[in-house]
Structure formats: structure tokens, C-alpha cells
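Q: here's my sequence, what's the structure:
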Amino acid sequence: MRRVAVAAVVLLLALLVVANTGCVSADKYRELETSARNMQAALEKAETELQSERAKSKELQAKLTAAESELQAKNSQIQTLMDARDRLKAAYETLRAEFDKLKSQPLTPVTITKVVMPPALDAALKELASKYPNEVEYDPARGLLKWKSDLLFDLGSADLKPGALPALQDFANILNSAAAAGFDIMIAGHTDTTRIAKPQTRALHPTNWHLSAHRAISVLFELIKNGVDPTRQTVMGYGEYQPVVPNDTAEHKAQNRRVEIYLVHKGTVPGATPQPTAGGAAAPAETEAVTAPTASD
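A: Model prediction:
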């Protein structure tokens, strides 16, 4: 580039000299003039190439700077992940040590309280289920009575159907009898997975959680209406999250729409205050001792 520029300058000076002295032929002059123009064109081309190379160099420098910034960010992320790995490793070691400590300790027997129905109460509940076979199922091993929600309520409703009242009234009479005096009542509502779509229904029961709890409360108030002491009762709403069968068919969904009523010994409901007996002490629950298996079993 520099050599081209110098040659062009020398050639121009030669032309000037020739022009001033006038001692050269016209052909020689034209030859020198053509050479000067070629040199000028080469100079301009070289200048253009230089500008292009400078632009490429600037672009490459920008890419290099961006790559360095990205590399720095990646290195920072790697360090963050390594720190997290170290923390997780330390937490794992702590949990592992705790596990090994627990594993070395012998297992102790666990006593599980199981509902044992008095004969008179068991007979009354069996008679109730026999009287209303399409509405009520009785499981004596769990102290459980199950009502089918479709027989108690219309879809999306927490208002008891008139046809459901006789069975609940007869159940209330059993609860008010001497045979059931030592038991409290847990009422649990369940739904299927069908979402509440109607705006007017959603205004009353925003979710299946609400609907299941509201249905349990309706049963609670009906029992209270029939003389069952409210201090013996508690309600729960499980929504769709405790199905007895998968919610994959209309028949299965109908099975999952239910209200379950558990009879439990007084004082065994979490959070409840044990009721004293006539002698002033809390009534003991009937229990069956079940021993947890040891590691060698």
C-alpha cells in the first residue's frame, strides 16, 4: 500500500518534469500518464481494501468482547452450580448420618387404636344399613358409614334431598342412644374430579374443596337438628383428593362422590378435648396392640 503510494508520487513528479522540460516524445508522455492513472487506481483500490479490513477487525473485536463476557457469565454460573452441589452434598451427608443413626436403633412396638363397636351399637348400625341398602354402606372394622352423595345431594348442590332425610334421622336416633354415648362423629365429604362450571354454583362452592366441606356441614346440621350434640361432631372436606376408585368413568365418579361418617372413641379426634366420664377421667378407647415388624421379619 505504501509502496504504491510512493510510486504514484514519483511518477507524477516525472510527468511534471517532462512537461516542464519538453524534451520527451508525446508517446513517452502518454505512457507515463497512463502509468500514473493506473497507479492512482491501484492506490484507491488499496484504500478501499484497507477500510474493509479495518471494519472486519472492528467486528471481530466486538465478537471477541461479547465472547469474553459470555465466558465470564458461564464461569459465574459454573461456580454457582458448584456451590449448590457442595451444599447438597453436605446436606446428603447429614441426612445419611441421621439415617445410619436411626437404622442402628431397635424398632419399638407401636400401639394402634382401632375402633371396636359395642355389640348393641354394631347391631343397630347393621340394621340401619340393611334398612337403607341403596343409600348406606357400613364397615364395622373401620367404624364407617358411607352415604352416596348422589342420593344425598343433586349435582353441584350442598342441599340435602328430602329423600335422604329418613336415613339420617334414623342414624341420629342411633347416635343419641346409650350404645353410642362413648363415640364422637367425624363427617367427611368427597367429590369426583369434575370441575364446577356453572357461575351460580361456583359462587356458592368455588372449588371441589368447598363443595365437599359444605356437604359435610349440611349433614352435620341435619344431625344437630335431630338432637345430636354438636360437641361430638367434626367435619372435613377432602374435595377430589381421596378417591376410592380412579375417576375414569361415570360409574367410578359416582362412587367417589360420597359422604363418610366415622364413629370414633371420645377424645381420639385430633384437636378434640377428651370428655370426662362420671368419675372425672377421660373415657379410655378400646385398643388393639399391633407390633411393628422388625428388620429381620
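
Q: what about dumping the CA coordinates of the stretch of helix or strand I185 belongs to to CSV?
A: For I185, the host element (DSSP states H and E) is strand 183-190. Extracted in CSV, the C-alpha atoms of strand 183-190 (Å, rounded to 0.1, in the frame of the first residue of the first chain):
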residue,chain,number,x,y,z
PHE,A,183,-68.4,-42.1,70.5
ASP,A,184,-67.8,-38.9,68.6
ILE,A,185,-68.7,-38.4,64.9
MET,A,186,-66.4,-37.4,62.1
ILE,A,187,-68.2,-36.4,58.9
ALA,A,188,-66.0,-36.3,55.7
GLY,A,189,-67.2,-35.0,52.3
HIS,A,190,-65.7,-36.2,49.0
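
Q: so in the chain, which helix runs the longest?
A: Taking DSSP state H as the criterion, the chain has its longest helix at helix 26-104.

Q: show me what it is packed against.
A: Here helix 26-104 touches helix 2-21, going by 3 or more CB pairs under 8 Å, 6 or more residues apart in numbering; DSSP states H and E. The way it works is simple: take the backbone N, C-alpha and C, and place the C-beta from them, glycine included.

Q: give me the mean pLDDT for the helix it packs on.
A: The average pLDDT within helix 2-21 is 54.

Q: residue numbering should commence at 562 henceforth.
A: Sure, I'll start numbering at 562, so the last one becomes helix 563-582.

Q: for the nearest residue to Q730 once chain neighbours are set aside, give me its contacts.
A: Nearest residue to Q730, sequence neighbours excluded (CB to CB, 6 or more residues apart in numbering): N787, at 5.4 Å. For N787, the contacting residues are L729, Q730, A733, N734, N737, by CB atoms under 8 Å, 6 or more residues apart in numbering.

Q: next one: E698
A: By CB under 8 Å, 6+ apart, the contact list for E698 reads A690, L706, K707.

Q: can you check the pLDDT for the first one?
A: Pointing back at A690 there. What the model reports as pLDDT for A690 is 94.

Q: surely it meets V697?
A: Yes. Between A690 and V697 there is a contact at 4.8 Å, judged by CB atoms under 8 Å.

Q: what's the overlap in contacts for these two?
A: Residues touching both A690 and V697 by CB under 8 Å, 6+ apart: L706.

Q: what about the residue nearest in space to the middle of the chain, distance to H751?
A: By CA atoms, centre = their mean, the chain has its centre lying nearest to Y802, at 13.5 Å. Separation of Y802 from H751 (CB to CB, to the nearest Å): 9 Å.

Q: show me what contacts A602?
A: Counting by CB under 8 Å, 6+ apart, A602 touches no other residue.

Q: and it, how far from K722?
A: For A602, the distance to K722 - CB to CB - is 103 Å.

Q: cool, M678 as well?
A: 28 Å.

Q: residues touching stretch 726-738, excluding its own?
A: With contact meaning CB under 8 Å, 6+ apart, stretch 726-738 is reached by 681-682, 685-686, 689, 692-693, 696-697, 706, 708, 721, 741, 744, 746, 780, 783-784, 787-789, 793, 822.

Q: pLDDT (mean, whole number) over stretch 762-771?
A: 92.
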